[in-house]
Structures are given as structure tokens and as C-alpha cells.
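> sequence and predicted structure below; questions after.
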Amino acid sequence: MARPKKVIVFKLSSFKNRGGTKSWRVTGTKPDGTRVRQNYSDKSEAVQAMADLEADAAGRPEHRRALRTSLTVEQLADAEAAIQHWGGDGISKVVAHYKALERRALAKGASLDDAFAFFEARFRSETKAISILNARTEFLASRIGIEESTRQNYEGSLKLLLKPDPNKHVHAVRVSDLEKILSRFTNISSRRSHRRIFSIFFNWCVRHHYCMEDPCKRLDKLPKDTSKIAILSFDEVKRLLSAALRYQDGATAAAVAISLFGGLRPSEVADLKEEDITAERIRVTGGKLRRTLKRSVPIPPVLAAWLKLYPFKGLPAGWNYKLKVLKAATGAKRWVPDIIRHTSITFQAERDKDEGLTAFNCGTSKAMIDRHYRNTVDDLKLIDQFWKLSPDVIQADKKLRVTLPVQERATWPSKAELSRLVWSKPMMHAAKEIGVSDVALKKRCVRLGVQLPKRGQWISRSKENCS
């Protein structure tokens, strides 16, 4: 019996590409009339594809088709296990991604396991997103027990962080943001002050998990300030002492003398108590460095002479205003907040010729003495004269001329007359008649125990008269 003739449904042919390579094409028609035209770069793949098409056309289903592969049976089984473990296709993408991560880790000198261990040790999942405005409010509220001037410095510096965008998250602040803010200040000291407060704020944020690090640590180092400190000239020093001696019967003399001949900071003088001063030394426990440093300052003979004549009882009332009066009396063209202390340290350094001793007595560093105070005064006679400016020397100098404000003292009436006056007319008119302010009149009445009319009494009386 003859074999039935095989019906050729699909055809395999070869052709050359424009690049010179050879490809194979499978063409034909499926039983449903669909035309097939497929190209393959490998002949075996083309043969296998044509065999599959013929099997489908003949109605012979194949549950597992043979695939051409270079993998061994063990490798195929491992690949199938990996796909099942992954739970989806695209296992090659996973491997490629893993290898890329491994290369990145090796480029940094670590393995991928080391990189993950580093990340796990430092990652804080509890880091909170908070705006600079809210973090600033919390930070200032947490600063309990600080000086009011320090609080004002914090508020002023942190206000610079708010200007670009107060709603920006703290962890989003970059080094470039801080550099842009600080670049507006040409003065090195201003940059250093703002930068120090920024660092305090961001370290607080790190402790509260609002950011991962202090960005100030990655800022470039600021150049050292090698400029000389502003000091008073010898004539300005004499005018300062003369004004302190004459103004309000020497009310400011003790504080000025301690600052000038002891080298204390303004904040240290403000915290100084009467019991801190002995016959030979001043014990400094307050001021700027009250939490980190306590020192004992020796009292030179010239300071002892001032304290003997004007014992220190604490800063006088209205010290800031009185200091402005003394400043005007000196006629100094340049006046900085610590100019009296700077003057003292300068003359101490030239007297002692020992930067370490001067730094220890004044509560500063030897590097600061070398940088700012060395060789500031060249005249040795002035140095010797400075440490002899006792009250007697200042009073004996008839050439000293200082201008002080003239205080006009009001002539106060007796207690009975004062009571009659405040009950006969409003406080404003009564004070004008005496020549003082209504506030001064009220204080005088309280001090003497004079009963005052109730608030609004004269207004009610005027209404009654009008009706």
C-alpha cells in the first residue's frame, strides 16, 4: 500500500541580510487561513518553529515542547527553582540588578553584605518629617535657663533659615542652602556666629530624629580672623575713669574699674556678687563660661585702690544707660561691646609678657592672645602709667575734661501737699506742675505712701459736669 502524499503547508528558506549575515524564514498558511512569515537568525530555531507549526496544523497537541538550550539538566532545574522562588518572570532582571549593586559596593571598597550592614546600623526608621518653622519653635522652647541675649541670638540666626522656605523639612536642608545663607555676610565673625548657632540647632534636630546629620560639619572651614581687637587709647581710658568717678558720685566706678583692671567680661561683671571679691582676688563663677570654667582673678594694686574708695555692691540700676553716658564721655571713635575688656587684656599681656598667664587670668586661650593682643601697645611708658591710674591720679589731673549730662533735680512738695495735688487734678497735669513725668510722680507717691485716685476718676467727673 502506497504512503499518502505529505501536504507541504509550511516552507523553510534562507536569505542574506544587507550586513552579510544569513537568516532563515518560515512561511505558510495555518488551517484557519492565517498566513505565517517569521524570520530566525538560527537555523535550528527555524526548523523547530516550522515543526511546531506543522504539528499544530495536523492537530497533534504537544504538552511539553523541546527547547534548544545550552544548560545542563541541573542548571535547568536550578533556573526553574529560582523562577518559582521569585514568583514571577524576569529572573534575569533580578540577577542583573543584584550584580549592579555588587559592583557599586565593590567600587567603594566593600562587599554588598558590608554595605547592608552599614545601612542597617545607621538607618533610623523613626526619623520624623518636620518643617524648619516648627522645629525652630520647639528648639527655642527647649532652651530653658539661658540668658535673654543668647535667646535673641538664637532667634536672629535661625530666622535666616526661615527666609527661603519656612515649610521646608529639616532633613531636606543641604550644605548648599547654608552656604547661600552665610555668603551674604562678609564679616568672618558674623559667619562664625551664625554657623555656630546653626550647628547647635541641627545637632538638637539629630537628637530628636528630625534629620540624620548636622550639615554644618560638611561646610568649608572659615579663615582665621587675624585682625587686631579694638581697644581704648590711653587718653580715652583716662576720660573713661574720670567720667566714672564723677558721674552720679561714682556709682559706676567699681564696675568700670573691675572691667578695666581685672579683664572680666560684661556678663561676668553682671553676675558678680559682693562676696565674690576678697582682698586679693575676684572669684568669677558666672557670665558666659559659668557652666565650663571657674577662675580666680588677682586684684592688682590699682584695682584695690578703686575698690577701697568705691566698694562693689553689684551693677548699679540702669547700667546700660549709664554705660552709654560713659561711652560718650570718652569721645571714642570706635566702641565695641567688649572694648573695656579688650583694653584690659592688651595691657595685661604687655605687663606680664606671659600669654599663658594672661589667658588663664582672663578666661581665654593663649592662641587668642597671640592672634589679637600681642604687640598692640608699643610704648612701655604708657603700660606703666596705665597700671598707676588710681582715683587719686585721675582726680589730680586737672587737664581731664569730660562732658556729662546735667541732671536737673525736681523740687518735690511735702507729702501733704503731694496728696492734695494728686487729688485736685489729673496725674498728667500734676506732674507737669512739678516738672516731672506722670510715671515719676506715681513712683514718688507709692514710695511716700500717698493714696492715689482710682483710674478713670477724672473722666467720670468730667462727664458729670457735662451732664
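Everything's here; your move. Numbering: from 1, shown residues only.

> quick one: the strands in this structure?
With strands called from DSSP state E, the chain shows them at 10-16, 22-29, 35-40, 281-284, 295-298.

> quick one: buried residues of stretch 232-239?
For stretch 232-239, burial by neighbour count (16 or more other C-beta atoms under 10 Å) applies to 232, 234, 236-239. (C-beta placed from N, C-alpha, C; glycine too.)

> who touches that stretch?
The set of residues external to stretch 232-239 that reach it, using C-beta atoms under 8 Å, 6 or more residues apart in numbering, is 240, 260, 329-332, 339-340, 343, 382, 385-386, 389, 394, 397, 400, 402.

> cool, and stretch 154-163?
So stretch 154-163 is contacted by 132-133, 136, 139-140, 143, 146, 173, 181, 193-194, 197-198, 200-201 (C-beta under 8 Å, 6+ apart).

> hang on, the earlier thing: now restrict the contacts of stretch 232-239 to buried residues only.
Among those, those buried by neighbour count (16+ other C-beta under 10 Å) are 240, 260, 329-330, 332, 339-340, 343, 386, 389, 394, 400, 402.

> adding distance to V439, write these out as JSON lines.
Putting the buried ones among the contacts of stretch 232-239 into JSON lines (distance: C-beta to C-beta, whole Å) gives the following:
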{"residue": "L240", "distance to V439": "31"}
{"residue": "L260", "distance to V439": "34"}
{"residue": "A329", "distance to V439": "27"}
{"residue": "T330", "distance to V439": "31"}
{"residue": "A332", "distance to V439": "32"}
{"residue": "I339", "distance to V439": "33"}
{"residue": "I340", "distance to V439": "32"}
{"residue": "T343", "distance to V439": "37"}
{"residue": "F386", "distance to V439": "42"}
{"residue": "L389", "distance to V439": "39"}
{"residue": "I394", "distance to V439": "35"}
{"residue": "L400", "distance to V439": "36"}
{"residue": "V402", "distance to V439": "30"}
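
> nearest to T27 among the residues you listed?
Comparing the buried ones among the contacts of stretch 232-239 against T27 with C-beta to C-beta places I339 closest, at 100.9 Å.

> per-residue confidence at the nearest residue to that closest one once chain neighbours are set aside?
Distances taken as C-beta to C-beta, 6 or more residues apart in numbering place A230 nearest to I339, at 5.6 Å, with adjacent residues excluded. We have a pLDDT of 81 for A230.

> if I pick A230, what's in contact with it?
Counting by C-beta under 8 Å, 6+ apart, A230 makes contact with 334-336, 339, 342.

> any idea how far E179 is from it?
According to C-beta to C-beta, to the nearest Å, A230 stands 29 Å off from E179.

> one more: V450?
Here the criterion is C-beta to C-beta. By it, V450 lies 63 Å from E179.

> would you mind telling me which of these two has the busier surroundings?
Legend: neighbour count by other C-beta atoms under 10 Å for V450 and E179, higher for V450 (18 against 13).

> tell me the most buried of the strands of the chain?
Across the strands of the chain, averaging neighbours per residue (mean count of other C-beta atoms under 10 Å) puts strand 281-284 on top, at a mean of 19.

> report all helices and strands that that strand contacts.
Using 3 or more C-beta pairs under 8 Å, 6 or more residues apart in numbering; DSSP states H and E, the elements in contact with strand 281-284 are strand 295-298.
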